[in-house]
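Colleague: Okay, here's the prediction I keep looking at, along with the sequence it came from:
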Amino acid sequence: MEINQLNLESDKINTPKINELYSQFQEILEKLNDKKLPSEAVQYVNDIVEQANSTTLQDKALLKFLKDKQNLIIKYLEKEHKIVPKGYYKKLWLAVGMTAFGLPIGVVFGLLMKNMGLMAIGLPIGLGVGAAVGSSMDKKALQEGRQIDVELKF
């Protein structure tokens, strides 16, 4: 079974942002065709593409709609099949690292120095930890063949 492609009318793609998002979405679908996905995943993606192709939205509403549909596909593939785009885990773990590691380290540092103004010192530490963890997970996904050769910009 093959994944359907986006087929929006050219008059709907009237701004540079929509054009870039449309191109990125199209590229994701092309790269997914190269992966051997189970039939239920292909059916799920095709249902979303069909919804996108049949939309009558324009401008900002279309941009939001396409972003939402693209995110639905990415989240489904990550959750059910562990297939992710380039840099997915790095972006995810940057935020997790700052909040889960950086803030507690900063609080401890602030308490030890008896100056809670130093709490922000933990944020760059957490950022570094998150970036390292995310990069290693991205490398692992690439080695296992679970990575789509597309970096999300939207």
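Modeller: Sure thing, it's come through. Numbers count the residues shown, from 1 in each chain.
Colleague: Can you give me every residue that contacts the residue nearest to the spatial centre of the chain?
Modeller: Centroid-nearest residue in the chain, with Cα atoms, centre = their mean: residue 88, separated by 5.3 Å. By Cβ atoms under 8 Å, 6 or more residues apart in numbering, residue 88 lies in contact with 74, 78, 138, 141, 152. C-beta coordinates here come from the backbone N, C-alpha and C atoms, glycine included.
Colleague: ok, and the most crowded of those?
Modeller: Ranked by neighbour count (other Cβ atoms under 10 Å), those have residue 138 at the top, with 22 neighbours.
Colleague: Nearest residue to that one in space, please, no chain neighbours.
Modeller: Distances taken as Cβ to Cβ, 6 or more residues apart in numbering place residue 89 nearest to residue 138, at 4.9 Å, with adjacent residues excluded.
Colleague: same deal with residue 32?
Modeller: That would be residue 3: by Cβ to Cβ, 6+ apart, it lies 5.4 Å from residue 32.
Colleague: From residue 83, how far out is the one you found?
Modeller: 13 Å (Cβ to Cβ, to the nearest Å).
Colleague: the more surrounded of the two?
Modeller: residue 83 (23 against 20).
Colleague: who's in contact with the more buried one?
Modeller: By Cβ under 8 Å, 6+ apart, the neighbours of residue 83 are 32, 35, 37, 77, 146, 147, 148.
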